[in-house]
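**Student:** requesting a structural model of the entry that follows:
(chains A and B)
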Amino acid sequence: MPRSDIAVTDSLEYLSILDEHGNLDRELEPQLSAEQLLDLYRAMVRGRRFDERLLDLQRQGRIGTFPPIKGQEASQMGAVFTLRPSDWFVPAFRETAAEIWRGRSLESIILYFNGFNEGGLSPEGRKDLPIAIPVGSQVLHAVGLAWAARYRRTDEIAMVFFGDGATSQGDFHEGLNFAAVYQVPAVFVCQNNQWAISVPVSRQTQTPTLAQKAHAYGMPGIQVDGNDVLAVYVAAAEAAERARNGGGPTLIECVTYRLMMHTTADDPKRYRSDEEVDQWRQRDPLPRFAAYLQQKGTATEQQLAEMETRVLEEIQTAVESAEKRMEELGDPLDMFDHLYAELPPHLEAQKSALAGEIAALGKEVDND
Amino acid sequence: MTKMTMVQAINLALRQEMANDDRVVLLGEDIGRDGGVFRVTEGLIDTFGTERVLDTPLAESAIAGMAVGMAIYGLRPVCEIQFSGFAYHCFHQLENHAARLRWRSQGRLSVPMVLRAPYGGGVRALEHHSESREAYWAHTPGLKMVIPSGPRSARALMVAAIRDPDPVIFYEAKGLYRAFREEVPDEEETIPIGRSRIVREGRDLTMIAYGAMIRPALEAAEELRATDGVEAEVIDLLTISPLDDTLMLQSVTRTGRAVVIHEAPRSFGPGAEITTRLMEGAFYYLEAPIARVTGYDLIIPYFSREKWFIPNVRRIVDAARRTLVS
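**Tutor:** Now for the predicted structure:
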């Protein structure tokens, strides 16, 4: 009997609740209150408008390089919205809307992208990690956090974000494997935005979905329309619930699209067509959700417009306060802070050498 | 006081810290039921259970990365990497995250983890099982790099490493694991990280070494006393980074002569930093060029030729005599 069938999990769900044409599956529609729906919408609009403002600031030379999130507001907000304040949020670097939702100030994000370490401060009292730039490396931290949360007998979970490119990294595979072996309360959210800089997802993997990789590790996976905030919310809420109740980890693939460049240093015209981008613009998560809110009677067009105006004011205030703050910051000696709990003697010596250099210059220090 | 091997001494440190503090958890390959390939964690799973002694799947990067998450949460994970030659998988997590998260978060988060790994030659092992690459870790800002030289220092430093608020790479000379026994106090003992010590006093010459090189250095010092009437001082660094240069500078200021000894390859090795510190801090007291006795700038050969690679008493004595003639 050399060959026989082995039963393995191979069924995979795709979830879509509100499509780009406004079709709604009422059976699957989540029961969110008007307040929750408006919170979600406001967070998505804030992410979008802030992203646009950051791009302006970058093009004007007022901040450095940053990774725009435009087009991915639903996939990150639908997921992070299911977290409790006591849960752990582990971002990659394209989750700005989610970070703001968790309490990170707009001002700190501006500081961060203008080269000030002070902008890396996560919100006080929140268990959020700072952004992780080496692709996929943060996946393992979420596994450790989730393991520790269970070890401490809490009902906290850890939710980690990463992109399609990260699923090629060893840390992704090792992280999912460890998470499943230890059945830790973690939710893995892949924002499949189709492009890892210039390499399309079809060149990252031979499998038709990223979600199916969950099966290799013995955990549930699901693919959702990442531009449908309701679908992302439902999938994430199920995964969070399962994790919290001892059911182990889940992989969620949000199929979305990066409408802008990888970072402001990137030119996407080198590797993808305008037609492709235009097609994805038709599936923009924001207008779809706005139309849903109006149809449902949650808000009028006028009310949504007013909300947007308030968001723009909030952004303006943040830009002004960040620029003011940056004038006060910039003592070069601060670079010696926070490397170790206590500064070791060799660094004391190096710090005083720099202090001496600054004193010898005898004038105001210019960071440029 | 109990006489014990370095394996038993590290086991004692882990056992006592685990008993004192439920934040201490162990993770690594084969550390549970098997007690680790060198038996350093022997019996700990019986006392503390599988919840605190984790036999992990075989992935070193994940061991380090998961420990980063545990440490951020507030636990005190102690990872075992089976051989330091396999620790390079962890490099990415340690360099990019463990070493930086305190800094990146402006002090809001910290990563109080320990990564233990056996290093160095002397046990007739296969390729990848005999390297001394402490310089990699010592070069990374944000990490601490510790190497004990025997059972008592291993126990005391391990306790300090577990309690340290920052990530500590802890290399254990596998050649010392069962080489000798030493009295280790039953009660708690720690050695502060970042502090070297004098293990032999002398007025004529300063030897600076650590880990497995302390014993040949001490033997060489005895030989120099017996045959040349020379008294060599021997400094045991114990911590490679942050490097404590106070004792070595005081010593060389008195002796005017120094020999730096390590098993690691010579170029860009710890000896380069040690020598520079001596040049910067004691140049006008030096009577002779500083000598280095180190491994060659080679991959350590398979064990049939290993003894020709690792610094020995003869080479240390020869180097000392060279610094004494000028």
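**Student:** give me the distance between A:Val8 and chain B.
**Tutor:** 19 Å (C-beta to the nearest C-beta, to the nearest Å). (C-beta placed from N, C-alpha, C; glycine too.)
**Student:** isn't that residue right up against A:His215?
**Tutor:** Yes - shown here, A:Val8 and A:His215 form a contact pair, counting by C-beta atoms under 8 Å, at 7.1 Å.
**Student:** can you give me the helices in the chain?
**Tutor:** Let's take chain A. Assigned by DSSP state H, chain A shows helices spanning A:34-59, A:73-80, A:96-102, A:106-113, A:139-151, A:170-181, A:213-217, A:229-244, A:274-281, A:285-296, A:301-328, A:345-361.
**Student:** not quite, I wanted chain B
**Tutor:** Counting by DSSP H, chain B has helices at residues B:6-20, B:44-48, B:60-73, B:88-93, B:101-104, B:134-138, B:151-163, B:214-228, B:246-255, B:270-282, B:306-309, B:313-325.
**Student:** quick check, the residue in chain A closest to chain B?
**Tutor:** Proximity to chain B, evaluated over chain A using C-beta to the nearest C-beta, is greatest for A:Gly144 at 2.1 Å.
**Student:** which non-adjacent residue is nearest that residue?
**Tutor:** Counting by C-beta to C-beta, 6 or more residues apart in numbering or on different chains, A:Gly144 lies nearest to B:Gly69, which is 2.1 Å off, once chain neighbours are set aside.
**Student:** got a list of what the one you found touches?
**Tutor:** Residues in contact with B:Gly69 (C-beta atoms under 8 Å, 6 or more residues apart in numbering or on different chains) are A:Leu140, A:His141, A:Ala142, A:Val143, A:Gly144, A:Leu145, A:Ala146, A:Trp147, A:Ala148, A:Ala158.
**Student:** separation between the second one and A:Thr205?
**Tutor:** So the one you mean is A:His141. Going from A:His141 to A:Thr205 by C-beta to C-beta, to the nearest Å gives 23 Å.
**Student:** between those two, which one's more packed in?
**Tutor:** Shown here are A:His141 and A:Thr205; by other C-beta atoms under 10 Å in any protein chain shown, A:His141 has more neighbours (30 against 14).
**Student:** could you check the pLDDT of that one?
**Tutor:** pLDDT recorded at A:His141 is 98.
**Student:** could you find the closest non-adjacent residue to it?
**Tutor:** B:Gly69 (3.9 Å).
**Student:** do B:Glu182 as well
**Tutor:** Sequence neighbours aside, B:Pro151 is the residue nearest to B:Glu182 in space, at 4.1 Å (criterion: C-beta to C-beta, 6+ apart).
**Student:** give the burial count for the one you found, as a bare number.
**Tutor:** Neighbours of B:Pro151 under the rule other C-beta under 10 Å: 27.
**Student:** and for B:Leu324?
**Tutor:** Neighbourhood size, B:Leu324 [other C-beta under 10 Å]: 18.
**Student:** isn't it up against B:Gly202?
**Tutor:** No - the criterion here is C-beta under 8 Å, and B:Leu324 misses it with B:Gly202 at 11.9 Å.
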